[in-house]
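[1] Provided below for reference: sequence and predicted model.
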Amino acid sequence: MLQAKRKTGLVFFPAFDWAIDPTHPEREERLLYTQDQVLEEGIFDIEGITEFKPDLVTINDVNRVHFCVPDGWHVMTESHFISAGGAKTIGMAVLEKKVECGFALVRPPGHHAMRVVHGARGFCNVNIEAIMVEFLRAAYGVGKVAIVDTDCHHGDGTQDIYWHDPNTLFISLHQDGRTLYPGSGFTNEIGGPNAAGTTLNIPLPPYTSDEGFLYTIENVVLPILDDFKPDLIINSAGQDNHYSDPITNMNFSAKGYAQLTEMLKADIAVLEGGYSIEGALPYVNTGIILAMAGIDYSNIREPDFDPEKIRQSSQVTEAIKEVGKAVLENWRNREQLKDRMQKAASGRFSERMRRIYYDTAGITEFQKEKIRICRDCGGALKIDTSADTGSKVLAVHIPIDACSACIEQGRQWYEEAGSDRFQKAYLQNRPKDKYYVKELFQR
Amino acid sequence: MIIGLDVGGTHTDVVLLDKHGLVNEIKVHTDATNLFKTVLDGLEKITLGVNPKDIRRIVLSTTLTTNSIIQGKSPEVGMIVSSGPGIDPMLFRTNRHYYPVAGSIDHRGRRIEAIDHHEIKAVGDILKKEGVRHVGIVGKFSARNPSHELEIRRILRGQFEEFFLGHRVSGNLNFQRRVATTFFNAAVYPIHKKFFLAVRRSLDQQGMNIPIQILKADGGTMNFRSSIGFPGQTIFSGPAASIMGATAFAPKGEDVLVFDIGGTTTDMAILIDQAPLLDPLGIELGGYKTLIRSLKSKSIGVGGDSVIRVINGKITVGPDREGFAMVYGGSTPTPTDALAVMGKLEDGDTEKAFSGFQAIASALGVSVEKAAEMVFDHACRQILTEAEAMVVEINSKPVYTVHELQEGYQVKPKKIMVLGGPAPYFADYLEKISAYQVKPVPRWKVANAIGAALARTTCEVTLFADTERGILTSPEEKFKKNINADFSREKAIKIAYDLLRNKAMETGADEEDLELELLEDQQFNMVRGFHTTGKNIRIKAQVKPGLIHRYHSVVEKLSE
């Protein structure tokens, strides 16, 4: 009888009746062949693998992470409540030790959703990993978390949410932003002045193969994880690095994904992108599940798998080594970098202005972000955001471990917000686990 | 008139029904070493003085195949499995003569790697040398495309007595279960065939040229002819007989828990609007999970003859059994003895029960009467707890659509029906300690045989359409057709129902009992490169398990 070496939980929610639109890659059919493969392989029959029914997340769970404009109900669809709920279900099962690790095979994905949400970006409305992580922090007091994003696209949403959080290490491996959506994720993006170094980007050149990915995991990601010593490792398990993916240019294989999973030993994996729904997903997902459960995956391979065809060039290998060096250097120098950034900030605050485009919803947002420079916590954060939908709001975030000065600063910002400039003001008071909304009526 | 016969561990129950009700009911001793004699004995006794011409059907539920598998006494079987990439097929090994071979088919039924004819011939030679006469052939994804299984059989044809092909056992995906199910069919084939041929011959000799139906694990029946290739389906028909016996008397439109309290175990199942809830995949037996359609049931080691112990002042009941209750000559106290002490039994040696309970009473520091009550209470509560856990498990079964997650049916039983027993005492007590309305099943002593007698013929078909490849197929039914791009879900449903109706009639159904329903009805647009290139349609339909219509009046009579 086949038995898992690690007790593994699965939420499989293919949302067979939900799509962004009928011919969109994020459509009903996406996990159909994965389901066929997983059922035929008898994955759910394996002793030690448990399938859970996803719970729904609540609006409170969403508000812990996002500022949804105008509110969560407008941003979320039923399917988002379930897919974020699937991640949450797995998180709970792991924290309650029902299983040792787990995989939320859910859709729609979430890693392009940022802290402020005016609509859908990169097929994502809300960030399902962040909703899970912040729930686990609120409910179980989880402290340090590492999120390793192995989707082919830069996890810019997750990066944005954890940009100022020194307790969340976010590492994104992705195809170089000069060649792929969303065009960000370079090695110099290392987090804000209070959290420099806990955001790390590893842009890999197109045509990176198993060799390059596994090299990077072994020589860059694992040593950094060893240093950081997280309580929980999350893998944003996008599967679009696969050589057959139609919208990317990488050369990763199903067996490579399984090896990566085995090396990373994530506590929780959450499916992100991956749109080679026939040629990749059935095999990649089977490989990931077996690897998580500690079952031999050596016989998993795609029907057209040919290692020679996808072998990476020596130039690619060299480029990857260079990127790895730069990332490790940033990691080692993180304290100095932090000092330098804090000093560079004029006075007690640091500001940045951004224009964010929501490709899926066709919305343009303008943000003015202000963070209180703080040595004691993540820092109070204020975001003045407007979008071409006509929305104009103020969002204030007080981090979960905030010092008293930052709590006070956050409160003050929220109270000061007036109808002269904003339609609404929001406050995430994380130490109290409360979310406040102030309607401001314009005369 | 119809006959229902259910072979149990110790007794075999036989009933004769006519339109006015129960004509006769008997119990004969089960001789586990000679089930043929047991069955014939039962049939002979029940038909004594009855004109064979008046009997329309006989339904048999036996432990023949179950015992044969559990005891591992089946003859040598050869297994040839073609899996291709994926989990190592050696992990699914069923028996000694088990040979993984080359060949691979993918999830859409496309051939990826061909069968190697030389390899198959070589395996055939080995199997012959090993003295194998029956061969199971199973391919991964053969439920989508059976061509490799058929090809292997073609290569080996004439060299073996009988072949069992994986794609014929079920339309469901699950390679490992397909391997186990095919193995079971091949393994019990000879004993099953020999047994029922003997029963047939014997009945014919007595002038009883009556159709024989065999009860399956899903609570439905099939005729002898169609059972020959799929004898595995008769595994665990015993619990199914009991549950169908309760179905006859279940209330309309309600969820009901059914407890069959036997000597060793209590089997529990759920009825929804008079139909038993089925297991989504299939039965588990001897450590193997299968694709054999069955009732969703749970068996726990608490029964009338379970061993009672007091450990650190706490009562435990079961899961083991050491023969009969003391009141019936056994040597260890049991819940049945508790009933005897409580004065609820009409027969047996009550004094023995009292003496047996002395030790328990002193270990608990209470009177013998009180000890008996505590033990009975404990057994009943344990059964309730396990039943509630089963309901939770059923309701937490994952679903794959937003709609089902929001609107999905939740089982919420408020009633319990009890048989086996003695059912009335259990029913009274269960009602006392719970919020359920609890009733014994009418005629609870022979409800299992009544259930067998009244069960209708059931079956299932799975149809798969892929308009991009232009294929409509139901390998289980040997059905394959080319289709055009305009093929629709509506057409697929119609064809599935036609296939189902034919299958049901061939396996012995009565036209008036064809209550058909869809189990799965899904259509996906297949999009490649931002263009819709086809439709992927999946239809599964079944004859709903239930009772034959013709005898509805009987049920009413029996309830009186």
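    Now that the structure is in, tell me what you want to look at.

[2] A strand includes residue B:429, no?
    No. The assignment for residue B:429 (DSSP: H, G, I helix; E, B strand; the rest coil) gives helix, which keeps it out of a strand.

[3] quick one: the residue nearest to it when sequence neighbours are not counted from residue A:426, how far?
    Ranked by CB to CB, 6 or more residues apart in numbering or on different chains and with sequence neighbours excluded, the top spatial neighbour of residue B:429 is residue B:380, at 5.3 Å. Backbone N, C-alpha and C define where each C-beta goes, glycine included. Between residue B:380 and residue A:426 the computed distance is 55 Å (CB to CB, to the nearest Å).

[4] cool, residue A:262 as well?
    Counting by CB to CB, the gap from residue A:262 to residue A:426 is 42 Å.

[5] likewise residue B:554?
    69 Å.

[6] rewinding a little: ok, the residue nearest to residue B:429 - how many residues close by?
    25 (other CB atoms under 10 Å in any protein chain shown).

[7] For the helix or strand hosting it, name the packing helices and strands.
    Element membership of residue B:380 [criterion: DSSP states H and E] is helix B:368-395. Contacts defined by 3 or more CB pairs under 8 Å, 6 or more residues apart in numbering or on different chains; DSSP states H and E place helix B:368-395 against strand B:255-261, strand B:266-272, strand B:297-300, strand B:314-321, helix B:335-341, helix B:350-364, helix B:423-433.

[8] For residue B:33, which of those is the nearest?
    For residue B:33, the closest of the helices and strands packed on helix B:368-395 is strand B:314-321, at 19.9 Å, according to CB to CB.

[9] How far away from the center of its chain is that closest one?
    27 Å (CA atoms, centre = their mean, to the nearest Å).

[10] low pLDDT regions in the chain?
    All of this refers to chain A. A:442-443 (pLDDT under 70).

[11] sorry, should have said chain B
    Looking at chain B by pLDDT under 70, you get B:421, B:560.

[12] Domain parsing of it, as residue ranges.
    B:77-181, B:301-440, B:459-544 (automatic domain parsing).

[13] For residue B:265, which of the ones you listed is the nearest?
    Short answer: domain B:301-440, nearest of these by CB to CB, at 5.1 Å.

[14] How far does the closest one stretch from one end to the other?
    Taking CA to CA, to the nearest Å, domain B:301-440 runs 21 Å from one end to the other.

[15] now the helices for chain A?
    A:32-40, A:59-63, A:72-75, A:78-95, A:128-140, A:156-162, A:210-216, A:222-228, A:254-264, A:281-293, A:314-332, A:334-344, A:404-416 (DSSP state H).

[16] one step back: would you mind telling me which of residue A:262 and residue A:426 has the busier surroundings?
    Taking neighbours as other CB under 10 Å, residue A:262 and residue A:426 compare with residue A:426 leading, 25 against 17.

[17] name the helices or strands packed onto the helix or strand harbouring residue B:189?
    Using DSSP H and E, residue B:189 maps to helix B:175-205. Helices and strands touching helix B:175-205, as assessed by 3+ CB pairs under 8 Å, 6+ apart, comprise helix B:35-46, helix B:64-70, strand B:77-82, strand B:134-139, strand B:162-165, strand B:212-215, helix B:224-227, strand B:288-289.

[18] Just give me how far the last one sits from the chain centre.
    So that's strand B:288-289. Worked out by CA atoms, centre = their mean, strand B:288-289 lies 13 Å from the chain centre.

[19] near chain A at all, that strand?
    Yes. For strand B:288-289 and chain A, the contact criterion (CB under 8 Å from any CB of the partner chain) is met by residue B:289.

[20] Can you list the strands that that strand pairs with?
    With DSSP bridges as the test, strand B:288-289 is paired with strand B:284-285 (antiparallel).

[21] Contacts for the strand it pairs with, please.
    B:66, B:69-70, B:184, B:235-236, B:290 (CB atoms under 8 Å, 6 or more residues apart in numbering or on different chains).

[22] same check, this time on stretch B:186-205
    Under CB under 8 Å, 6+ apart, the answer for stretch B:186-205 is B:35-36, B:39-40, B:43, B:58, B:60, B:62, B:64-65, B:68-69, B:74-75, B:77, B:79, B:95, B:134-136, B:162, B:164, B:209-210, B:212, B:214, B:224, B:227-229, B:231-232, B:234-235.

[23] do stretch A:171-182 as well
    A:112, A:121-122, A:146-156, A:158-159, A:183-186, A:200-206, A:208, A:213, A:216-217, A:221, A:224, A:241, A:248-250, A:359.

[24] Pull out the buried residues from the residues you listed.
    The neighbour count (16 or more other CB atoms under 10 Å in any protein chain shown) marks A:112, A:121-122, A:146-156, A:158-159, A:184-186, A:200-206, A:208, A:213, A:216-217, A:221, A:224, A:241, A:248-250 as buried among the contacts of stretch A:171-182.

[25] hey, what's the residue in the stretch 451-560 of chain B that chain A sits nearest to bridged with?
    Chain A sits closest to residue B:524 of the stretch 451-560 of chain B, with a gap of 4.5 Å, by CB to the nearest CB. Residue B:524 forms beta bridges with residue B:536, as assigned by DSSP bridges.

[26] I figured residue A:289 hits residue A:10, correct?
    Yes. Residue A:289 is within contact range of residue A:10, at 6.7 Å (criterion: CB atoms under 8 Å).

[27] Identify the contacts common to these two.
    A:43, A:49, A:103.

[28] what would the residues you listed look like in CSV with neighbour count and distance to chain B?
    What follows is the shared contacts of residue A:289 and residue A:10, written out as CSV (neighbours: other CB atoms under 10 Å in any protein chain shown; distance: CB to the nearest CB, whole Å):
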residue, neighbour count, distance to chain B
A:43, 24, 8
A:49, 25, 12
A:103, 29, 13
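
[29] got those residues as CSV, with distance to residue B:497 columns?
    Formatted as CSV, the shared contacts of residue A:289 and residue A:10 follow (distance: CB to CB, whole Å):
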residue, distance to residue B:497
A:43, 32
A:49, 36
A:103, 38
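
[30] Among these, which lie within strands?
    A:49, A:103 (DSSP state E).

[31] Report the spatially nearest residue to residue B:151, omitting neighbours in sequence.
    residue B:115 (5.1 Å).

[32] And residue A:285, by the same measure?
    residue A:34 (4.9 Å).

[33] quick one: the one you found and residue A:14 touch, right?
    Yes. The criterion here is CB under 8 Å, and residue A:34 meets it with residue A:14 at 7.3 Å.

[34] Good, we can wrap up now.
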